[in-house]
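**Q** What follows is a predicted structure for the sequence shown.
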Amino acid sequence: MKRDGALVDDSAPYGQIREHEIETRGPEQAPVFQDKAALRLVWNDYRKAEQWIEDKSWALNWRENDILYQSPRTIESWGSGATKANVRRFTVAKHVNTLVPTMMSGVFYDSPPFQARPYPGTTEATQRARMALYGALLNEIDFEGTCEEGVECQTLNGTAVFKYGWATTTEIRKTRVRREAAQHIELPLQSTPLHVPTRESDDFVVKRERVKKNRPFFEFKRLGTVFPAPGWRNANQIHKAKYIVEKQYLTFEDINKLRKQDDYHIPSEEELKGFFFPVTPTTTTESDIAQTQVANSVVHHAEREDQTDTEDPLGAPIAFIERWDKWNVMAMLEVKGRKLLIRNSEHLFGHPPYLSCNWWNIQNAGWGLGIGCLVGTEQRLETGTVNAAVNVLSMAVNQTYLRNRGANVPTQQIRQRLGGIIDVDGDVDKAFRILETPQVPAETWAVLQNARDAGESVSGADQAFVQGQLGGRGSSAARTATGAGNIAAASATRIQGPLGKFVKYVLKPFIYALDEMVNEFMPPSEIREILADELGHDFELDMDNFLNARLKYEVLAGARLQAKKAMAQQLPMMIQLLDNPHLVQQLAQTGWVVDVKEFYEMLLEVSEWKNARQLVRPMTDEERQFYQQQSSGPAAQAQAKVAAVQAKGEVDSKLQDQGATQNLASRIFETVLDRAGGMADRNMAEKAISAGMTQ
């Protein structure tokens, strides 16, 4: 909701906000700040938050981390002017560039790097559509590249900050169309005409069309450009800060684009152009933190954002300061001493749209510690020890010579050379010899190894299982599966903490935020357009179910690779089970059927094939007609006759079986009767004999 349509201009927005300049509207609505009060709020909170973090930056070692990462050369010399040893060690850089690819490969195993589990009421088609849509959107905004940039900062400096949101842009879409249509020739015995290209039909012209696009954005923010409230102490949850102020530098084109966004009040182009003439540097420079992060005196960086790097007057930087809190967003421009409020409105996110993650947390603080602070001591120790040892070795290589005073004093400098001869007076051994040089202590190499091991144990960049090389000759750590598994598990455990923070506090919250932004801001026509490119134009989307879908998003990271391996092992058993005719018949009796196409898509998902649309597709009209002809043709009739003969044979076989069964039963019955009659005659004879003997 925009507060005021007037452009507030104040060269000195200082002082306290008065009571009548704030309108409260209950606990469920945002308080309303008058525009002049909003301008003072943005400027004063920016100065307070920036000053606080600049005072604390020395404790977080951000500048020192930057120097350790690039390890610049230092110039030291002996008293004679000869340069001392200056061996550069990149321990911090090695750990960072070892850990970051390992973490990224564990998360971005697929596109998109998560799984959606539908709640009851959400169809599988909707779940598949959401996954396809988000995969396309994340690829379009280079989500993986932005995350990698942030993970590098998280690893080196201890904290990474991201910002997300929604933007409406207009782009020129080019399509190429024929100047004239190709000729169509009707041919006998063919249902489709013959297309004959001509020179005119092969002449294509470019058609330009302005297309409005609604897309999310996801940005990594450099340290020293985002200033949370000094009281922020929720580690990995920067959105819980009372307010967040961000400062960046915009050109004429950048400010002009803000006209397309709601709630921005931008001066006219003529007035805006006047801000850039005459060409003068902006009066609000980068913070000390940001300047040290891009300083070029000792280490290399790009030019500072507050410096003009072009002769184009409209390309000069103007300070843009934006303040977010739970309800409101306020923005101002600072140019030539003038402060102009260009935005004062509510937002719909419910909290500042910023995300953060730490490497190691600090108690009672929002910022964290990174590899630069944790491993920097080992790099300094290793650098000092190696350079001291090299200095000793250089003294042994460039020996110091002793000579006897008096007669052997040369009139000029004597240069050493191969095959050279030096004339001396008296005994050669006493007149001229080499000074005995000190030896490098054997403990020096043990100190270097201990420093290297200590750094790896802290960071988790294990030499064997993360860097890809074993410790040295004779190492038996990975000779057995148990030993290799234990070491790899220990290394993974140390990495799992920072990786889990990135997933829990950055990746998953952004997915849920993307879910809400798509429902809130993305037109259904653009959703259908993207899904047509991803799933095919024949994909039918239930928009009601799509917009009211309830999904649970899961990020399994590298564990999903093991899960997919187990799924692949179970597929042969599932195929045998679903191929059982008794199971299919029983399912049909209970009103169920096996969806063959869904099972086929499961096979493609596990096997990582991406051409499901091209491999299984709907029939064309010609193919459907041919199939129907084949179904009703001679082959189908012959097949039907064969089936009838087989059915008749089965009936005859059953009748024969029934007749044989009846004959067998009759014979058995007759046998039983004959046997019963014989038994009766025998009993009567036995009774007669018994009666005669009795008489």
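**A** Received the coordinates, thanks. Bear in mind the structure is a predicted one, so any value in this text is a computation, not a measurement.

**Q** Tell me the confidence at residue 659?
**A** Per-residue pLDDT puts residue 659 at 65.

**Q** give me phi/psi at residue 258?
**A** Here is the backbone geometry of residue 258 (degrees, to the nearest 10): phi -70, psi -10.

**Q** That one contacts residue 333, correct?
**A** No - shown here, residue 258 and residue 333 do not form a contact pair, counting by CB atoms under 8 Å, at 10.0 Å. Bear in mind the C-beta positions are built from the backbone N, C-alpha and C, glycine included.

**Q** out of those two, which sits in the busier spot?
**A** residue 333 (24 against 17; other CB atoms under 10 Å).

**Q** So for stretch 89-109, what gets flagged as buried?
**A** Buried residues in stretch 89-109, counted by 16 or more other CB atoms under 10 Å: 89, 91-100, 102-104, 106-108.

**Q** whoops, stretch 324-338 was the one
**A** Applying 16+ other CB under 10 Å to stretch 324-338 flags 324-325, 327-335 as buried.

**Q** Can you measure across that stretch, start residue to end residue?
**A** 21 Å (CA to CA, to the nearest Å).

**Q** Spell out the residue ranges of the strands in the stretch 151-300 of the chain.
**A** Remark: strands assigned in the stretch 151-300 of the chain by DSSP state E, counting those that start in this stretch are 159-178, 183-185, 194-196, 204-221, 226-228, 244-250.

**Q** average model confidence for the fifth one?
**A** Strand 226-228 carries an average pLDDT of 95.

**Q** name the helices or strands packed onto it?
**A** The contact analysis (3 or more CB pairs under 8 Å, 6 or more residues apart in numbering; DSSP states H and E) places strand 226-228 against helix 35-60, strand 244-250.

**Q** Okay, now the sheet partners of it, with direction.
**A** Strand 226-228 sits in its sheet next to strand 244-250 (antiparallel), going by DSSP bridges.

**Q** quick one, the strand it pairs with and strand 159-178 angle?
**A** Calculated by axes from the mean of the first three to the mean of the last three CA atoms, to 10 degrees, strand 244-250 forms an angle of 50 degrees with strand 159-178.

**Q** Now do strand 244-250 and helix 35-60, the angle between them.
**A** Using the same axes, to 10 degrees: strand 244-250 against helix 35-60 is 100 degrees.

**Q** Now strand 244-250 - C-alpha only, CSV.
**A** Provided in CSV are the C-alpha atoms of strand 244-250 (Å, rounded to 0.1, in the frame of the first residue of the first chain):
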residue,chain,number,x,y,z
ILE,A,244,17.6,-4.5,7.6
VAL,A,245,19.1,-1.6,5.6
GLU,A,246,20.7,-2.3,2.2
LYS,A,247,22.8,0.2,0.2
GLN,A,248,23.6,-0.2,-3.4
TYR,A,249,24.5,2.0,-6.3
LEU,A,250,22.3,2.5,-9.3
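
**Q** so where's the stretch 301-450 of the chain shaky on pLDDT?
**A** For the stretch 301-450 of the chain, residues meeting the criterion pLDDT under 70 lie at 398, 401-421, 428, 430-437, 445, 447-448.

**Q** My guess is residue 339 contacts residue 44. True?
**A** No - using CB under 8 Å, residue 339 is not in contact with residue 44, being 11.0 Å away.

**Q** Tell me which of the helices and strands packed on strand 226-228 is the most buried.
**A** Looking across the helices and strands packed on strand 226-228 with neighbours counted as mean count of other CB atoms under 10 Å, the highest average goes to strand 244-250: a mean of 21.

**Q** what sits against residue 78?
**A** Contacts for residue 78 (CB atoms under 8 Å, 6 or more residues apart in numbering) come out as residue 84.

**Q** Would you mark the buried spots in stretch 129-136?
**A** 129-135.

**Q** Need the max-distance pair from the residues you listed.
**A** Maximum pairwise distance in these, criterion CB to CB, is 10.7 Å, between 129 and 135.

**Q** Which element, helix or strand, includes residue 341?
**A** Using DSSP states H and E, residue 341 maps to strand 338-346.

**Q** Show me what that strand is packed against.
**A** Where contact means 3+ CB pairs under 8 Å, 6+ apart, strand 338-346 is packed against strand 8-10, helix 35-60, strand 328-335.

**Q** got the contact list for the next helix-or-strand element following the second one?
**A** Note on helix 35-60: by DSSP H and E, the next helix or strand toward the C-terminus is helix 62-70. Taking CB under 8 Å, 6+ apart as the criterion, the residues outside helix 62-70 that touch it are 57, 90-93, 96, 156-157, 223-224, 289, 292-293, 298-300, 370-373, 376, 379-380.

**Q** Buried ones from those residues, can you make that a PyMOL selection?
**A** Listed next is the PyMOL selection for buried residues among these, using 16+ other CB under 10 Å:
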select buried, resi 57+91+92+93+96+156+157+223+224+289+292+293+299+370+371+372+373+376+379+380
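
**Q** just to revisit the earlier point, as TSV, the buried residues of stretch 324-338 with distance to residue 22 would be great.
**A** Output for the buried residues of stretch 324-338, formatted as TSV (distance: CB to CB, whole Å):
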residue	distance to residue 22
324	18
325	13
327	12
328	11
329	16
330	13
331	19
332	18
333	23
334	24
335	27
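
**Q** any idea which of these is closest to residue 511?
**A** Residue 511 lies nearest to residue 324 out of the buried residues of stretch 324-338, by CB to CB, at 20.7 Å.

**Q** Let me see the contact set for that closest one.
**A** Residues in contact with residue 324 (CB under 8 Å, 6+ apart) are 243-246, 347, 352-354.

**Q** can you check residue 547 too?
**A** Counting by CB under 8 Å, 6+ apart, residue 547 makes contact with 519, 524.

**Q** ok, now residue 592?
**A** With CB under 8 Å, 6+ apart as the criterion, no residue contacts residue 592.

**Q** what bits of the stretch 501-650 of the chain have low per-residue confidence?
**A** Low-confidence segments of the stretch 501-650 of the chain (pLDDT under 70): 556-571, 600-602, 604-617, 630-650.

**Q** ok, which stretches of it are helices?
**A** 508-521, 524-535, 543-547, 559-578, 581-589, 596-607, 612-615, 621-632, 634-694 (DSSP state H, counting those that start in this stretch).

**Q** buried sites along the third one?
**A** Residues of helix 543-547 classed as buried: residue 546 (neighbour count, 16+ other CB under 10 Å).

**Q** Check the second one too.
**A** Along helix 524-535, these residues count as buried under the neighbour rule (16+ other CB under 10 Å): 526-528, 530-531, 534-535.

**Q** Among the contacts of helix 62-70, name the ones in helices.
**A** Among the contacts of helix 62-70, DSSP state H puts 57, 91-93, 96, 156-157, 289, 292-293, 371-373, 376, 379-380 in helices.

**Q** In these, find the pair that's most separated.
**A** Across those, the longest distance by CB to CB is 24.0 Å; it joins 91 and 289.

**Q** Setting aside sequence neighbours, what's the nearest residue to residue 203?
**A** Sequence neighbours aside, residue 179 is the residue nearest to residue 203 in space, at 4.4 Å (criterion: CB to CB, 6 or more residues apart in numbering).

**Q** The one you found is in contact with residue 200, isn't it?
**A** Yes - in this structure residue 179 lies within contact range of residue 200 using CB under 8 Å: 6.3 Å.

**Q** Return the set of residues that bridge with residue 178.
**A** Counting by DSSP bridges, residue 178 is bridged to residue 204.

**Q** and if you look at residue 218?
**A** Under the criterion DSSP bridges, residue 218 forms beta bridges with residue 164.

**Q** hang on, the earlier thing: in terms of mean pLDDT, which of the helices and strands packed on strand 338-346 ranks lowest?
**A** The stretch with the lowest mean pLDDT among the helices and strands packed on strand 338-346 is strand 8-10, at a mean of 68.

**Q** quick one on the thing from earlier: can you tell which of the strands of the stretch 151-300 of the chain is closest to residue 522?
**A** Smallest distance to residue 522 across these (CB to CB): 5.3 Å, for strand 204-221.
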